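Peer 1: The following block contains a protein sequence and its predicted model.
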Amino acid sequence: MGPASRGAAAACATAAAYLGIVIATTPALGPLDAAAAALGANWPLMAGTGAAVGIQFYSSSRARAAGCSTRLGAGGNTGGAAAASFFSFFSLVPLGCCGWWLYALSLLPGLLGAGASAALIEYSVPLAYGAMAVALGMAGASLWRLRTRVPA
């Protein structure tokens, strides 16, 4: 499997994992309804985080194939994608999705305090897009480092 195939597979697996988590944590809706709600509300985030993870897999696979021993920076990308997914689940709770996340939200004040919890919930959408921007930025930086270290 070539670097492009690995990247595409990783992007698809990321989107599938996101939908799987939504379906698994939404007992109140059927699987198709939960997936439709997630796609309707968060498709840009699903596409962006999938693309970021796919680009990272592509650049890592291509660097490995070229014999590079240096890392291209997967840590920030993975963290950004995970944070984007985490915050995007909050926006699905009012739609009836992700009932488990409602329970997780109820634990936040005990862990972070009421003010921080309210801010996380209130600004979950901008935080999700910000985290996705970090993931895409890290993926772009990986491509740039790949371009400068590995000949075309």
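Peer 2: Done, it's in.
Peer 1: how many neighbours does residue 126 have?
Peer 2: The tally of other residues near residue 126 (other CB atoms under 10 Å) stands at 10. C-beta: built from backbone N, CA, C; applies to glycine.
Peer 1: The one 10 residues further on now?
Peer 2: Residues near residue 136, counting by other CB under 10 Å, number 20.
Peer 1: can I assume it is in contact with residue 50?
Peer 2: No: if you go by CB atoms under 8 Å, residue 136 and residue 50 don't touch, sitting 10.7 Å apart.
Peer 1: Give me the residue ranges of the chain where confidence is low.
Peer 2: 69-78, 94-102, 151-152 (pLDDT under 70).
Peer 1: Select the longest helix from it.
Peer 2: Identified as the longest helix of the chain according to DSSP state H is helix 31-65.
Peer 1: How about that helix, which residues are buried there?
Peer 2: Across helix 31-65, burial judged by 16 or more other CB atoms under 10 Å covers 34-35, 37-38, 41-42, 45-46, 48-63.
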